[in-house]
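Trainee: 3D model of this:
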Amino acid sequence: MTSREHDTITTNDERFDNAMRELHAQAVSQVSSATRARLRVARHAAARPTAEREPRRGFHWVLGSGLAAVFAIAIGLQLRPAQTPTPSASTPMVASAPTGASPFDADTAIAALDENPDLYLWLASNDDAVPSLEP
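Mentor: Below you'll find the model as predicted:
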């Protein structure tokens with residue numbers, strides 16, 4: 001950009017600024033004195049600190065954050081694992097099967113599958129369950 005272009009831009013900006021100032025001065029001269037008084041009062045009211053204009057609202061923040069903390073604690077207590085009582089040192093730990101319970105028997109487990117053939121019927125009816133062995 002040459003200095004001549006810069007001077008032209010600056011001159012155009014100055015002309016625009018002066019035209020806007022003249023329009024503003026003309027608009028201000030047409031405002032009634034009652035409107036100016038109301039605007040002055042509003043400007044002074046806006047300049048006052050917020051503590052004088054509005055009641056204190058800090059209590060709402062304290063109440064809201066306290067309530068959130070209570071809910072967080074309640075949820076945390078619900079999600080923690082159940083605590084089992086720790087045995088005392090005087091009570092020896094003896095591993096024993098409950099009365100009436102039998103040890104695991106593999107034959108009994110297999111027999112339970114044989115008693116309910118629904119699984120095998122479902123597998124047989126489902127073509128995708130068993131891959132074909134034909135090449």
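Trainee: Please count neighbours and contacts with C-alpha atoms only from this point.
Mentor: Noted.
Trainee: Could I get the contacting residues of residue 35?
Mentor: If you count contacts by C-alpha atoms under 8 Å, 6 or more residues apart in numbering, residue 35 has none.
Trainee: any idea which element it lies in?
Mentor: In this structure, residue 35 sits in helix 33-47 according to DSSP states H and E.
Trainee: how about that helix as PDB, C-alpha atoms only?
Mentor: Extracted in PDB, the C-alpha atoms of helix 33-47 (Å, rounded to 0.1, in the frame of the first residue of the first chain):
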ATOM      1  CA  SER A  33     -35.100  17.100  28.900                       C
ATOM      2  CA  ALA A  34     -37.400  14.500  30.600                       C
ATOM      3  CA  THR A  35     -35.900  11.700  28.600                       C
ATOM      4  CA  ARG A  36     -32.400  13.000  29.400                       C
ATOM      5  CA  ALA A  37     -33.300  12.900  33.100                       C
ATOM      6  CA  ARG A  38     -34.500   9.300  32.900                       C
ATOM      7  CA  LEU A  39     -31.400   8.300  31.000                       C
ATOM      8  CA  ARG A  40     -29.200  10.000  33.600                       C
ATOM      9  CA  VAL A  41     -31.000   8.100  36.500                       C
ATOM     10  CA  ALA A  42     -30.600   4.800  34.600                       C
ATOM     11  CA  ARG A  43     -26.900   5.500  33.900                       C
ATOM     12  CA  HIS A  44     -26.300   6.200  37.600                       C
ATOM     13  CA  ALA A  45     -28.200   3.100  38.700                       C
ATOM     14  CA  ALA A  46     -26.200   1.000  36.300                       C
ATOM     15  CA  ALA A  47     -23.000   2.400  37.700                       C
END
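Trainee: Give me the mean pLDDT for that helix.
Mentor: Regarding helix 33-47, the rounded mean pLDDT is 90.
Trainee: Return the set of buried residues in that helix.
Mentor: Neighbour counts over helix 33-47 (16 or more other C-alpha atoms under 10 Å) mark no residue as buried.
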